[in-house]
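A.B. asks: Below: sequence and its predicted model.
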Amino acid sequence: MKTRYSIMVGLLAVAFILSAFLASTHIGGTIKGKVTPAIGAFRAAAFSSSSDSAKVNIVAGMFEIKNLKPGTYNLVIEAAIPYKSTIKTGVMVKEAETTDVGEILLTQ
């Protein structure tokens with residue numbers, strides 16, 4: 001009887017720990033896009049109203065910001081001189097989905 005009780009308590013503990021781990025993890029969403037000209041920008045940053053933010057380097061004109069919480073973000077493209085940095089507002093991110101903002105044209 002004591003062994004059966006120990007096994008039950010152990011199984012319940014494992015189930016509790018596993019459920020707590022699964023509840024705390026999220027897959028997150030992604031924002032991706034292309035900047036033209038490719039040499040015109042060096043960083044992409046996403047900011048939400050709930051203070052979530054993330055930054056990535058732009059490589060060969062492409063960027064992909066991963067693991068964002070679902071919500072609405074402002075996307076900032078930090079440009080190199082002589083180009084101007086730009087902001088794209090209202091970018092929607094959904095859990096486990098990729099939002100493609102397409103091509104972002106930089107101006108001088």
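C.D. replies: Structure's in. What do you need?

A.B. asks: Centre-most residue in the chain?
C.D. replies: L68 (2.5 Å; C-alpha atoms, centre = their mean).

A.B. asks: contacting residues for that residue?
C.D. replies: 28-31, 46, 48, 52, 54, 93 (C-beta atoms under 8 Å, 6 or more residues apart in numbering). C-betas here are computed from N, CA, C, even on glycine.

A.B. asks: What of N67?
C.D. replies: 27-28, 30, 54.

A.B. asks: now E95: how far from F47?
C.D. replies: Distance of E95 to F47, given as C-beta to C-beta, to the nearest Å: 19 Å.

A.B. asks: ah, wrong one, I meant I77
C.D. replies: I77 is 12 Å from F47, by C-beta to C-beta.

A.B. asks: same check, this time on I58
C.D. replies: Applying C-beta to C-beta to I58 and F47 gives a distance of 16 Å.

A.B. asks: of these two, who's got more company?
C.D. replies: I58 (23 against 16; other C-beta atoms under 10 Å).

A.B. asks: quick one, phi/psi of the closest residue to that one other than its chain neighbours?
C.D. replies: The spatial neighbour of I58 that comes closest, neighbours along the chain excluded (C-beta to C-beta, 6 or more residues apart in numbering), is A41 at 5.0 Å. Backbone torsions of A41, given as degrees, to the nearest 10, read phi -140, psi 150.

A.B. asks: hang on, A41 packs against I81?
C.D. replies: No. A41 lies out of contact with I81 (C-beta atoms under 8 Å); the separation is 11.1 Å.

A.B. asks: In strands, which of the contacts of N67 appear?
C.D. replies: Mapping the contacts of N67 onto strands (DSSP state E) picks out 30, 54.
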